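J.: give me coordinates for this.
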Amino acid sequence: MSIRGPRKGENYELNVDLNREYREKRKDAIKRTIASITVGKPELVILAVYTFVKDTDDPNPLVRALPIRNMGCLRAEKIIDHLCGPLQKCLRDENPYVRKTAALCVAKLYDLKSELVIENGFLDQLHEMMADSNPMISVVANTVAALTDIHNAATAQPSTPSSYSAIFTITASILNKLLIALNEYEKESEHICERVVPQFQHANGSVVLAAVKVVMIHIRGVRRDDLVKQLMRKMAPPLVTLLSSPPEVQWVALRNINILQKQPDVLSNEMRVFFCKYNDPLSVKVEKLEIMVRLANEKNVDALLSELKEYASKVDVDFVRKSIKAIGQAAVKIDTAAERCVNVLLELISTRVSYVVQEAVVVMKDIFRKYPSTYEGVIPTLCGNRDELDEPEAKASLIWIIGEYANKIDNADELLVIFVDSFTEESYPVQLQTLTAVVKLFLKKPDSAQSIV
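T.: I've put the predicted structure just below:
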């Protein structure tokens, strides 16, 4: 006797949902059933029209907007004629969500059958909606987006009387409406920020991060400098508090602190909070390093370099490499601190630890690119540690330095001969850099490079 397994599959799930006691579940199942029946049979999509039209009278605005969105996306000729009536009604709907959804549907209808948009006066309605009374600017924004799409579609086609009427021309009246809407947007942004700020004190870290994101999005619309400073001042403490959470939460918080890219001043005085602890996982340490580099400025760079120098003496090779790379990033970012960064790198090279020396050589190449002919006194030290290099990136970096400063290095030809002799054994990046360096040497010292060429 075989044991029958549990019944599964889409048909079984649809059957269960169609018999559920909840009305919304049944309605969703009906729509999914219609969708599965009409796949590959566009002529059968007309069967869903009655349901869509009926839903536009639903008391729930979310339900009223959904059929308009769906009918606009169904690119079937038979359904378009049934769209105009519900669309006309939704453009005048009392709910702003329905109106903004209907505005975008007009642009989709124009793409499908432009003459219907002209005949039913939808363009005139869109122009009226730019003066929408709702304080939420989304209705006006969607209306302008729809008119812009229609304008682009009309100008891309051969000129006709109908396409001419679809061209979106900015008149004084329209400009005045847009300026009024922008003014409302500023008020709306201030209102949203003020309402969200209390969530900074929430016990749940995800709520705090979500609140910070909302404020960062809407702060662009705030024109009052005093309010912007106040919001920035209130954002720092909750972000710092998240760093005392368990490592998993810390990592998520650090990954979400992308506000530093737009508003680095928010945490500019909190550099020490991001210093790595001995028991931090590598993933958390790496995120902290990136944030510290973003926060680096002339005032805190000394503290940063001291901390990075200490990290470079740890036993974790990956963390040491990233710490040395962070020193180079600080040098490139802050011109006045570049010399101090180079001195720290020289101290690390003097340890003659293989992976430290190799990463330092790679970083020095980037510093030479940013500050050409500034730190040439370091070159003899780098060349003196040539035997410590066994990784392709480090070798390629040293070869680039030799080729770039061939006229300043007395024995540049001798150094390049070493790499030329082992040319066939090297990786492609090293071979390419060797060829480039030899050409540079020949151009700068043709006599001494003739034999190598």
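J.: so what's the residue count around residue 51?
T.: The tally of other residues near residue 51 (other C-beta atoms under 10 Å) stands at 14. (C-beta placed from N, C-alpha, C; glycine too.)
J.: element containing it?
T.: helix 49-55 (DSSP states H and E).
J.: show the subsequent helix or strand relative to that helix.
T.: Assigned by DSSP H and E, the successor of helix 49-55 is helix 61-73.
J.: buried set for that following helix?
T.: 61, 64-68, 70-72 (16 or more other C-beta atoms under 10 Å).
J.: after the lowest-mean-pLDDT helix or strand in the chain, which helix or strand is next?
T.: Scoring the helices and strands of the chain by mean pLDDT, DSSP states H and E places helix 161-165 at the bottom, with a mean of 59. Heading C-terminal from helix 161-165, the first helix or strand you meet, by DSSP H and E, is helix 172-196.
J.: now do the same for that following helix: mean pLDDT, whole number.
T.: For helix 172-196, the mean per-residue pLDDT is 74.
J.: elements contacting that helix?
T.: Contact here means 3 or more C-beta pairs under 8 Å, 6 or more residues apart in numbering; DSSP states H and E; on that basis helix 172-196 packs against helix 138-155, helix 205-218, helix 225-242.
J.: could you redo the last one with a cut-off of 7 Å?
T.: Packing partners of helix 172-196 (3 or more C-beta pairs under 7 Å, 6 or more residues apart in numbering; DSSP states H and E): helix 205-218.
J.: contacts for the helix it packs on?
T.: With C-beta atoms under 7 Å, 6 or more residues apart in numbering as the test, helix 205-218 has contacts from 189, 192-193, 196-197, 199-200, 202, 231, 235, 238-239, 242, 245, 249, 253, 256, 259, 262.
J.: cutoff 8 Å now
T.: With C-beta atoms under 8 Å, 6 or more residues apart in numbering as the test, helix 205-218 has contacts from 189, 192-193, 196-197, 199-200, 202, 231, 235, 238-239, 241-242, 245, 249, 252-253, 256, 259, 262-263.
J.: CA atoms only: put it into CSV for me.
T.: C-alpha atoms of helix 205-218 as CSV (Å, rounded to 0.1, in the frame of the first residue of the first chain):
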residue,chain,number,x,y,z
GLY,A,205,17.0,49.4,15.5
SER,A,206,15.3,48.8,12.2
VAL,A,207,12.7,51.5,13.0
VAL,A,208,15.5,53.9,13.8
LEU,A,209,17.3,53.2,10.5
ALA,A,210,14.1,53.5,8.6
ALA,A,211,13.3,56.9,10.3
VAL,A,212,16.8,58.1,9.4
LYS,A,213,16.3,57.2,5.8
VAL,A,214,13.0,59.0,5.6
VAL,A,215,14.5,62.1,7.1
MET,A,216,17.5,62.0,4.7
ILE,A,217,15.2,61.7,1.7
HIS,A,218,12.9,64.6,2.7
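J.: list the buried residues for it?
T.: 205, 208-209, 211-212, 214-216, 218.
J.: which members of those are the farthest-apart pair?
T.: 205 and 218 (20.9 Å; C-beta to C-beta).
J.: give me phi/psi at residue 202?
T.: phi -70, psi 150 (degrees, to the nearest 10).
J.: residues touching it, list them.
T.: 208, 211.
J.: and if we set it to 6 Å?
T.: residue 208 (C-beta atoms under 6 Å, 6 or more residues apart in numbering).
J.: that one and residue 217, how far apart?
T.: Remark: distance between residue 202 and residue 217 (C-beta to C-beta, to the nearest Å) = 18 Å.
J.: residue 91 is in contact with residue 125, correct?
T.: Yes - using C-beta atoms under 6 Å, residue 125 is in contact with residue 91, at 5.1 Å.
J.: what's the angle from the strand or helix carrying residue 106 to helix 138-155?
T.: Counting by DSSP H and E, the element that carries residue 106 is helix 96-112. On the basis of axes from the mean of the first three to the mean of the last three C-alpha atoms, to 10 degrees, helix 96-112 is oriented at 10 degrees to helix 138-155.
J.: quick one: list the elements packing against helix 96-112.
T.: helix 61-73, helix 84-91, helix 138-155 (3 or more C-beta pairs under 6 Å, 6 or more residues apart in numbering; DSSP states H and E).
J.: hmm, who's touching that helix?
T.: By C-beta under 6 Å, 6+ apart, helix 96-112 touches 61, 64-65, 68-69, 72, 80, 87, 90-91, 93, 117, 122, 134, 136, 138-139, 142-143, 146, 149-150.
J.: buried subset of those, written for ChimeraX?
T.: Selecting only the buried entries of the contacts of helix 96-112 in ChimeraX, with 16+ other C-beta under 10 Å as the criterion:
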select :61,64,65,68,72,80,87,90,91,93,117,122,134,138,139,142,143,146,149,150
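J.: pipe the buried residues of helix 205-218 into CSV and attach distance to residue 371 and pLDDT per row.
T.: Shown next, in CSV, are the buried residues of helix 205-218 (distance: C-beta to C-beta, whole Å; pLDDT from 0 to 100):
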residue, distance to residue 371, pLDDT
205, 41, 82
208, 41, 86
209, 38, 84
211, 42, 87
212, 36, 85
214, 41, 86
215, 38, 85
216, 34, 82
218, 40, 80
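J.: to what extent is residue 361 buried, counted in neighbours?
T.: 28.
J.: tell me the pLDDT of it.
T.: 91.
J.: I'd assumed residue 400 was in contact with it.
T.: No - judged on C-beta under 6 Å, residue 361 makes no contact with residue 400 at a distance of 9.9 Å.
J.: give me the three-state assignment for residue 408.
T.: coil (DSSP: H, G, I helix; E, B strand; the rest coil).
J.: show me the contacts for it.
T.: residue 376.
J.: how does it look with 8 Å?
T.: Applying C-beta under 8 Å, 6+ apart, the residues near residue 408 are 376, 379.
J.: and it, how far from residue 255?
T.: With C-beta to C-beta as the criterion, residue 408 and residue 255 are 44 Å apart.
J.: what are the boundaries of the helices in the stretch 351-453 of the chain?
T.: 354-370, 379-384, 392-404, 412-421, 428-444, 446-449 (DSSP state H, counting those that start in this stretch).
J.: which of those helices sits closest to residue 227?
T.: The nearest among the helices of the stretch 351-453 of the chain, by C-beta to C-beta, is helix 354-370 at 37.9 Å.
J.: contacts for that closest one?
T.: With C-beta under 8 Å, 6+ apart, helix 354-370 has contacts from 312, 317, 320-321, 324-325, 327-328, 331-332, 338, 341-342, 345, 348-349, 351, 375, 378, 382, 385, 388-391, 393-394, 397-398, 400-401, 404-405.
J.: out of these, which are buried?
T.: Judged by 16+ other C-beta under 10 Å, buried ones among the contacts of helix 354-370: 312, 320-321, 324-325, 327-328, 331-332, 338, 341-342, 345, 348-349, 375, 378, 382, 385, 388-389, 391, 393-394, 397-398, 400-401, 404-405.
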